[in-house]
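Enquirer: here's my sequence, what's the structure:
(2 chains)
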Amino acid sequence: MNIINNIISNGMIFALPLFIMAVGGIYSERSGVTNLALEGLQGFGAFTGSVVAVSLAGYFGADSPVPVYLALISAMLGGMLFSLLHALLCNYFKADMVISGIVINILAMALTAFFTKVINKNVFGEASDGFMLGIMDRFSIPGLSEIPVLGAFFTNIYMFEIIIVILAVITWYILYKTSFGLHLRAAGDNPAAVDAAGIDVIRIRYFAVMMSGALSGLAGICFTYSITAKFSSSVYMGFGYLAIAALIFGGWKIMPTLAACLIFGFARSAGYQIVQALGLPSAYSDLVMILPYVLTLVLLIFLAGNSQAPRALGEAYDKSKR
Amino acid sequence: MKSKHDKLIVAVVSVLIGLVAGAVIMLILGKNPFSAYYSLLSGCGLAPKARYAGGKNILSDFSDYLDFITSMFFAALAVAVALKTGLFNIGVSGQMLVGGFIATVLIGYSSLPAGIAKPLVMIIAAAGGGAIGALIGYLKYRFNINEVVSSIMFNYIAAYITGFLINTRYVDPVSRQSKDINEAARLTLNEIKIGSYKYDIPIGFVFAVLAIFAVAFILDRTVFGFELKAVGMNREAARYIGINVKRSMVVSMLLSGVLAGLAGATYFLGYVSTIQPKVLPSTGFDAIAVCLVGGGSPAGIFFSTFFLMIISKGSTYMSSQMGLDAEITSVITGLIILVCACSGYILQVMNRIRNGKEKKEGKA
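Expert: I've put the predicted structure just below:
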């Protein structure tokens, strides 16, 4: 019983940030901009969030929740700013979108590693390649958490999980229930038609990419506050690519993508729980780490053939070709 | 079609912008960029150092530098071959790791004599890398799985599985890495004494140069290479003229994986002799940068490897001389490929400038 509870609550911690990052990816790709940059965006967001959290920590009491909220906001802003680079490369400089995404990832890794060292040395006066953040407080929602089995979804949760759920509802509503969301989705399928209707395709694409930057940044700082407990090169664990895999076999739709992320999350936490329950040495948890990646491949084998990518995905919009 | 001349312009412009931006960062941090760049050269044996440790001279630094870049030649070629067919092999690191790990376990720890062990190391590593590459190609061919996603998945799977096996079976308790391989299996002849100096002589370097010629020959002079390029340029047109597009993609990924495996052999059983568990070699990712700057052609890769690797290899020496963090060199490399990715835009601007000049001359 306890094991199932742990699988659920630990699985959600991994699945929700992954999901919100994938939602950002859906925005970007539905508008027509291929986005392999999620990995770099989440890392850069985590970096800006961590810098803010570490530098503000002294001004607030140890129990004050303010730095954490500020860290989340600045992570979103940081991710958004960095994603502008991807938007510029894809929309203005007409770079190959796949290459641009990879370049953004390489650059994010290099920049954050370099500036982490520089900031640690020059501002905090210590030689370190990371920022210690520690782990956020966890709490249970009274009442709801007492429901058998399902109560685990409300037990031992982080504050960011609630934020992600709220944001997920909002982004879902914007994408599917507003005319702006319709324009965005049309921009990825038939940008010429959107342009003919008098709507600025490029502006929509800028917005969509920045949305993915903000959401990825949020995901990055959430991983830093829960799984890694500090910012270092360890935030680049390929979660951004996992999010891309999730959205591909979610068929670029939000709800199926959520299902994919939940499968990843539960597979991962179940693996850990099994290693622990069997009392295996810690090296075995490395084997468990491959579960989400193997599952991705297996699921893609069954689903990749059926899913329909946005028709204009990966093509820079060129007015003169209309 | 981009001409060779255009590619050169893009490469030079990107490198210049990258170096200037790096210099600006150094100036902000209060360091002299000229002496920093000079120390990069000294670190690679391309310029004299102020002082040398015992048994070392400028040539031994240079041979160490050649040893370092050998695996990059293979890795960048691996990226290039896939890219020619329109595929993006970002899994070179994982394929290097698989090839290097299998060769380490099977040959590196065996007591085979050098004459048998060294060729076997290369063959086995090439087979290991090629198998992963072909699998990625097959998944694309059979199930339409995006090669970027699957190769990244294989990167992590390779890192964790080899890490698990090293940690449970082959670990050296002191260094926390895999145990050193036997010298007989190593592709770098370590500390060879010539005169009063010691040199590390990379055997793989000869093969890397041969591989550059071989890939250039395959791509430019054979029907098979023409088919690969045709598929990369326009898949529909290639299908229309009767090229087996899907087979071309699988074979291209196989070849790419073989080259990545050789990169793994020359890195893990050459430049170094151990494997760090759970760590993907950065060579596979830097290879993308090298390939882009080299314009994707074997000849271009030859020069861009020489140049960009000065920045990586020299970083350690620069860091010790200047008190600059070695990571700044990856920032510079990152900026160079960022500009390189905008090649289309750069050429457009260059053309505009050129046309403008012609117009003015025409009026006068």
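
Enquirer: could you give the average pLDDT over the longest helix along chain A?
Expert: Looking across chain A with DSSP state H, the single longest helix is helix A:2-30. Confidence over helix A:2-30, taken as the mean pLDDT, stands at 91.

Enquirer: stretch A:212-226 too?
Expert: 94.

Enquirer: ok, that stretch near chain B or not?
Expert: No. Interface with chain B: stretch A:212-226 contributes nothing (CB under 8 Å from any CB of the partner chain), its closest point being 15.2 Å away. Yep, even glycine has a C-beta here, placed from its N, CA and C like the rest.

Enquirer: do the same with stretch A:4-21
Expert: No. Stretch A:4-21 does not reach chain B (CB under 8 Å from any CB); its nearest approach is 14.2 Å.

Enquirer: so where's the stretch 1-150 of chain B shaky on pLDDT?
Expert: Residue ranges of the stretch 1-150 of chain B with pLDDT under 70: B:1-3.

Enquirer: near chain A, which residues of it are found?
Expert: B:L29, B:F88, B:I90, B:L139, B:F143, B:N144, B:I145, B:N146, B:V148, B:V149, B:S150.

Enquirer: pretty sure the last one is touching B:Y138, no?
Expert: No. The pair B:S150 and B:Y138 fails to qualify as a contact (CB atoms under 8 Å) at a distance of 9.8 Å.

Enquirer: okay, these two: which has more neighbours?
Expert: Neighbour tally, B:S150 and B:Y138, criterion other CB atoms under 10 Å in any protein chain shown: the higher count belongs to B:S150, 27 against 17.

Enquirer: roughly how far apart are the more buried one and A:F239?
Expert: When distances are taken as CB to CB, to the nearest Å, B:S150 and A:F239 turn out to be 17 Å apart.

Enquirer: roughly how far apart are B:V245 and chain A?
Expert: For B:V245, the distance to chain A under the criterion CB to the nearest CB, to the nearest Å works out to 16 Å.

Enquirer: ok, that residue to B:G130 distance?
Expert: Distance from B:V245 to B:G130, counting by CB to CB: 20 Å.

Enquirer: what does A:V51 give?
Expert: A:V51 is 43 Å from B:G130, where distance means CB to CB.

Enquirer: ok, back up a step: which one of B:V245 and B:G130 has more residues nearby?
Expert: With neighbours defined as other CB under 10 Å, B:V245 and B:G130 compare such that B:G130 has more, 23 against 17.

Enquirer: and that one, what element?
Expert: In this structure, B:G130 sits in helix B:114-143 according to DSSP states H and E.

Enquirer: after that helix, which helix or strand is next?
Expert: Secondary structure here is assigned by DSSP H and E; on that basis, the next helix or strand after helix B:114-143 toward the C-terminus is helix B:147-165.

Enquirer: buried set for stretch B:163-172?
Expert: Of all the residues in stretch B:163-172, those buried under the rule 16 or more other CB atoms under 10 Å in any protein chain shown are B:G163, B:F164, B:L165, B:I166, B:N167, B:Y170, B:V171.

Enquirer: ok, how many other residues are close to B:V24?
Expert: Should you count by other CB under 10 Å, B:V24 turns out to have 11 residues around it.

Enquirer: re earlier: gap between the helix holding B:G130 and the chain center?
Expert: Taking CA atoms, centre = their mean, to the nearest Å, one finds helix B:114-143 lying 17 Å from the centre of the chain it belongs to.

Enquirer: between helix B:147-165 and it, find me the angle.
Expert: 140 degrees (axes from the mean of the first three to the mean of the last three CA atoms, to 10 degrees).

Enquirer: nearest residue to residue 185 other than its sequence neighbours?
Expert: Since you didn't name a chain, this refers to chain A. The spatial neighbour of A:R185 that comes closest, neighbours along the chain excluded (CB to CB, 6 or more residues apart in numbering or on different chains), is A:R30 at 5.0 Å.

Enquirer: nope, chain B please
Expert: Take B:A185 and drop its neighbours on the chain: the residue closest to it by CB to CB, 6+ apart is B:A117, 4.2 Å away.

Enquirer: give me the neighbour count for the one you found.
Expert: Other residues within reach of B:A117, judged by other CB under 10 Å, total 23.

Enquirer: then A:I99?
Expert: The local packing count at A:I99 equals 21, with neighbours defined by other CB under 10 Å.

Enquirer: list the contacts of it.
Expert: Listed by CB atoms under 8 Å, 6 or more residues apart in numbering or on different chains, the contact set of A:I99 reads B:F88, B:L292, B:A341.

Enquirer: do that again at 6 Å, thanks
Expert: By CB atoms under 6 Å, 6 or more residues apart in numbering or on different chains, the residues touching A:I99 are B:A341.

Enquirer: please, which helix or strand holds it?
Expert: If you go by DSSP H and E, A:I99 is part of helix A:97-122.

Enquirer: mind giving me the packing neighbours of the very next helix or strand once past the longest helix of chain A?
Expert: Scanning the chain past helix A:2-30 towards its C-terminal end, the next helix or strand to appear is helix A:38-56 (assignment: DSSP H and E). Counting by 3 or more CB pairs under 6 Å, 6 or more residues apart in numbering or on different chains; DSSP states H and E, the packing neighbours recorded for helix A:38-56 are helix A:2-30, helix A:66-87, helix A:97-122, helix A:201-223, helix A:239-249.

Enquirer: for B:K140, which residues are in contact?
Expert: Taking CB under 6 Å, 6+ apart as the criterion, B:K140 is in contact with B:E147, B:M249.

Enquirer: okay, it and B:S256: tell me how far apart.
Expert: Computed with CB to CB, the distance linking B:K140 and B:S256 is 12 Å.

Enquirer: check A:I199 too.
Expert: A:I199 sits at a distance of 42 Å from B:S256 (criterion: CB to CB).

Enquirer: which one of these two has more residues nearby?
Expert: The residue with more neighbours, out of A:I199 and B:S256, is B:S256; 34 against 18, by other CB under 10 Å.

Enquirer: which ones are touching the more buried one?
Expert: B:S256 is in contact with B:A78, B:V81, B:A82, B:N89, B:G133, counting by CB under 6 Å, 6+ apart.

Enquirer: sticking with the residue lying closest to it once chain neighbours are set aside, tell me its helix or strand.
Expert: The spatial neighbour of B:S256 that comes closest, neighbours along the chain excluded (CB to CB, 6+ apart), is B:A82 at 4.1 Å. Secondary structure assignment for B:A82, by DSSP H and E: helix B:58-84.

Enquirer: helix, strand or coil for B:R176?
Expert: B:R176 falls in the coil class when you classify it by DSSP: H, G, I helix; E, B strand; the rest coil.

Enquirer: appreciated, that's everything.
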